[in-house]
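Chemist: Sequence first, predicted model second:
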Amino acid sequence: MNNLYKNLKVLASITILATYVSCETIDYEGTNDDPSGPLTPVTSQLLTNAIANGANSDANQRGIPYIINDVTPMLYMQQITQGQYPGASRYNVLTFNYDDWYTGPLQNLNEIISINEDPETAVSAISYGDNNNQIAVAKILKAYYLQYMTDYWGALPLSEAFMGIDNPQPVFDTQESIYNFLFAEIEEALELADTDAPGPDGDILFSGNMQQWLVFANNLKLTMALRISHVSPTLAKSKFEEAVASGMLITSNEDNIEYHYGTDDISDSPWSDRFKTREDYILSRTMVESLRENLDPRLFEFAEPARDSISPVTNFPGGIDAGYVGAPNGRVNGNVPSYSFIKSEIIYTVDFPTPIYTAGQINLSLAEAALNGWNVGGSSAETLYETGITASMEYWGVSDEDITAYIEEHPFVGINDIAYEKWVALYLNGSEAWAEWRRLDWPILIPSEEANDKRIPVRNAYDASISDNNSVNYEAMVSFQGLDNLHTKLWWDVN
């Protein structure tokens with residue numbers, strides 16, 4: 001990112017010089033203006049790009065589709081594993097770069113906020129939606145992205161970020177201060193949002209529906225509050241109960257928030273792209289055997305039967321689970337047809353939607369809060385636990401009869417039950433599954449035997465460019481956060 005700042009500094013100097021010379025010599029009266037294009041940034045385009053961020057591939061995509069489809073934490077969580085080319089399933093990616101988030105979606109959102117807050121530019125920006133609603137949406141999205149980032153890396157440049165050439169070497173803010181900032185951003189967005197005024201153009205998530213953005217913000221707030229419950233219980237309880245009091249939580253599948261893809265190569269599902277020419281991802285043995293052992297009917301909805309093998313162990317009546325075979329984590333599983341693939345509708349339907357927040361996830365979060373003694377509206381932890389399981393199973397198409405049988409065989413006992421069910425309910429939502437597993441330390445996952453370092457990562461390490469180009473602040477960060485590796489726990493990860 002600092003190399004980019006240096007390049008921007010040079011570019012800015014050239015631009016200023018050119019402008020100075022042109023002003024002092026000849027007035028070209030707009031000769032260099034493109035008559036077919038806008039003279040100021042178009043906030044609707046900035047918002048669209050901030051949500052989807054262009055080309056739909058793992059290499060260069062940043063935005064909501066990337067977060068909810070990030071394969072690496074799915075591999076860490078042993079929901080899926082890799083075929084003949086194991087990589088992240090062996091934890092062999094040692095550093096990760098966050099620059100594209102700063103120069104892409106976050107910068108776009110900051111620009112939307114700046115344009116709509118400036119009285120001079122707000123006049124033209126209002127043609128793309130109410131100024132305050134544009135700001136509110138940008139702040140909500142910014143909070144969502146930054147929570148994802150800090151839950152991956154921990155400390156991040158924030159208070160001194162986005163200053164360009166004025167400060168190319170920003171300090172790192174602690175994760176605690178980042179969370180405090182994000183709560184403040186969400187509160188400001190909730191105050192600004194006006195459901196009676198036009199929502200923002202370019203909103204490919206909710207089509208400018210501000211009520212939906214309020215729902216998104218409150219479920220984000222609830223998720224963040226529970227995330228810090230072990231280290232800041234008073235603040236966590238307060239923010240969680242505020243989200244409950246809003247009446248805008250996702251408690252039924254009709255309210256689920258999903259990302260809907262297009263059908264072209266730019267906007268289609270990442271899963272469709274991944275399986276166009278290769279078959280790299282298969283079900284993990286951990287996930288398959290956990291579902292089999294618990295007689296969980298979601299097994300038949302998560303996966304396809306293997307084409308070339310059957311399981312030596314069957315638990316379901318009549319051996320109907322014989323075709324479901326999981327692969328060892330991190331091993332070279334070259335004969336991929338011997339294992340179960342992700343459900344074909346997911347990987348071969350180009351516009352198959354991906355959930356962001358679901359009733360299963362939120363009800364299980366409410367169950368944990370009830371167990372903590374927080375106000376969740378009167379329901380018990382046991383009831384919410386059962387509601388969460390029911391919602392997850394209904395979402396995946398499990399019959400009422402099978403749901404009832406499963407719940408009867410898996411009565412609520414305590415927090416580990418909630419943690420396990422959340423791991424299952426967050427299938428293919430790797431980012432959230434990884435975060436909740438780190439916080440709750442359940443279920444017990446055995447690291448891959450093929451890994452050089454047989455420990456499941458608990459954070460991302462910073463790209464080497466950070467220590468090279470911002471060494472003073474990098475060393476200061478290491479002094480308060482801990483060693484920059486994959487195994488230093490984050491602020492909220494204290495179990």
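Modeler: Thanks, I have it.
Chemist: So, low pLDDT: which residues of the stretch 1-150 of the chain?
Modeler: For the stretch 1-150 of the chain, applying pLDDT under 70 flags the ranges 1-39, 54-61.
Chemist: all strands of it, in order?
Modeler: 80-82 (DSSP state E, counting those that start in this stretch).
Chemist: just the helices in it please.
Modeler: Using DSSP state H, counting those that start in this stretch, the helices of the stretch 1-150 of the chain run over 2-25, 43-52, 64-68, 71-76, 99-103, 105-117, 119-125, 131-153.
Chemist: Can you tell me which of those is nearest to Lys221?
Modeler: Among the helices of the stretch 1-150 of the chain, helix 131-153 comes nearest to Lys221, with 8.6 Å by CB to CB. In short, each C-beta sits where N, CA and C put it, glycine included.
Chemist: any chance of the helices of the stretch 1-150 of the chain in JSON lines, plus mean neighbour count and distance to Tyr281?
Modeler: As requested, the helices of the stretch 1-150 of the chain are exported to JSON lines (neighbours: other CB atoms under 10 Å; distance: least, CB to CB, whole Å):
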{"stretch": "helix 2-25", "mean neighbour count": "11", "distance to Tyr281": "32"}
{"stretch": "helix 43-52", "mean neighbour count": "22", "distance to Tyr281": "22"}
{"stretch": "helix 64-68", "mean neighbour count": "22", "distance to Tyr281": "15"}
{"stretch": "helix 71-76", "mean neighbour count": "24", "distance to Tyr281": "7"}
{"stretch": "helix 99-103", "mean neighbour count": "17", "distance to Tyr281": "23"}
{"stretch": "helix 105-117", "mean neighbour count": "21", "distance to Tyr281": "25"}
{"stretch": "helix 119-125", "mean neighbour count": "14", "distance to Tyr281": "42"}
{"stretch": "helix 131-153", "mean neighbour count": "24", "distance to Tyr281": "20"}
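Chemist: can I get those in CSV with distance to Gly373?
Modeler: Listed next are the helices of the stretch 1-150 of the chain as CSV, based on distance: least, CB to CB, whole Å:
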stretch, distance to Gly373
helix 2-25, 47
helix 43-52, 37
helix 64-68, 31
helix 71-76, 30
helix 99-103, 37
helix 105-117, 37
helix 119-125, 45
helix 131-153, 25
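Chemist: For Tyr91, find the nearest of those.
Modeler: Closest among the helices of the stretch 1-150 of the chain, using CB to CB: helix 71-76, at 7.5 Å.
Chemist: Which strands or helices does that closest one pack on?
Modeler: strand 80-82, helix 430-440 (3 or more CB pairs under 8 Å, 6 or more residues apart in numbering; DSSP states H and E).
Chemist: and those, which is most packed in?
Modeler: When you average the neighbours per residue for each of the helices and strands packed on helix 71-76 (mean count of other CB atoms under 10 Å), strand 80-82 leads with a mean of 26.
Chemist: Listing partners with orientation, what would you give for that strand?
Modeler: strand 281-283 (antiparallel) (DSSP bridges).
Chemist: Of all the residues in the next helix or strand along the chain from the partner strand, which ones are buried?
Modeler: Counting by DSSP states H and E, the element after strand 281-283 in chain order, helix or strand, is helix 285-293. Across helix 285-293, burial judged by 16 or more other CB atoms under 10 Å covers 285-292.
Chemist: Roughly how far does Asp417 sit from Trp374?
Modeler: 18 Å (CB to CB, to the nearest Å).
Chemist: can you check Gln134 too?
Modeler: From Gln134 to Trp374 the distance is 34 Å (CB to CB).
Chemist: any chance of the buried residues of helix 285-293 in JSON lines, with pLDDT and distance to Gln169 too?
Modeler: Output for the buried residues of helix 285-293, formatted as JSON lines (pLDDT from 0 to 100; distance: CB to CB, whole Å):
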{"residue": "Arg285", "pLDDT": "98", "distance to Gln169": "46"}
{"residue": "Thr286", "pLDDT": "98", "distance to Gln169": "42"}
{"residue": "Met287", "pLDDT": "98", "distance to Gln169": "43"}
{"residue": "Val288", "pLDDT": "98", "distance to Gln169": "48"}
{"residue": "Glu289", "pLDDT": "98", "distance to Gln169": "49"}
{"residue": "Ser290", "pLDDT": "98", "distance to Gln169": "46"}
{"residue": "Leu291", "pLDDT": "98", "distance to Gln169": "49"}
{"residue": "Arg292", "pLDDT": "98", "distance to Gln169": "53"}
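Chemist: which among these gets closest to Thr174?
Modeler: Thr286 (33.6 Å).
Chemist: Look up how far Gly104 lies from the closest residue to the closest one other than its chain neighbours.
Modeler: Closest residue to Thr286 apart from its sequence neighbours, by CB to CB, 6 or more residues apart in numbering: Gln78 at 3.8 Å. Using CB to CB, we find Gln78 at a distance of 30 Å from Gly104.
Chemist: Pro457 now?
Modeler: 24 Å.
Chemist: who has more neighbours, those two?
Modeler: More neighbours surround Pro457 than the other of Pro457 and Gly104, with 22 against 19 (other CB atoms under 10 Å).
Chemist: Contacts only, for the spatially most central residue of the chain.
Modeler: With distances taken as CA atoms, centre = their mean, the residue of the chain nearest its centroid is Ile67 (3.4 Å). Residues near Ile67 by CB atoms under 8 Å, 6 or more residues apart in numbering: 144-145, 148, 431.
Chemist: how about 10 Å then?
Modeler: 61, 144-145, 147-149, 152, 259, 354, 356, 429-432 (CB atoms under 10 Å, 6 or more residues apart in numbering).
Chemist: Just send these back as JSON lines, with distance to Phe181 too.
Modeler: JSON lines is the format used below for the contacts of Ile67 (distance: CB to CB, whole Å):
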{"residue": "Gln61", "distance to Phe181": "25"}
{"residue": "Tyr144", "distance to Phe181": "13"}
{"residue": "Tyr145", "distance to Phe181": "13"}
{"residue": "Gln147", "distance to Phe181": "10"}
{"residue": "Tyr148", "distance to Phe181": "14"}
{"residue": "Met149", "distance to Phe181": "12"}
{"residue": "Tyr152", "distance to Phe181": "17"}
{"residue": "Tyr259", "distance to Phe181": "25"}
{"residue": "Thr354", "distance to Phe181": "28"}
{"residue": "Ile356", "distance to Phe181": "22"}
{"residue": "Asn429", "distance to Phe181": "25"}
{"residue": "Gly430", "distance to Phe181": "25"}
{"residue": "Ser431", "distance to Phe181": "20"}
{"residue": "Glu432", "distance to Phe181": "21"}
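Chemist: Looking at these, spot the one nearest Lys276.
Modeler: Gln61 (15.4 Å).
Chemist: Around the residue nearest to Thr286, how many other residues sit close by?
Modeler: With other CB under 10 Å as criterion, Gln78 counts 27.
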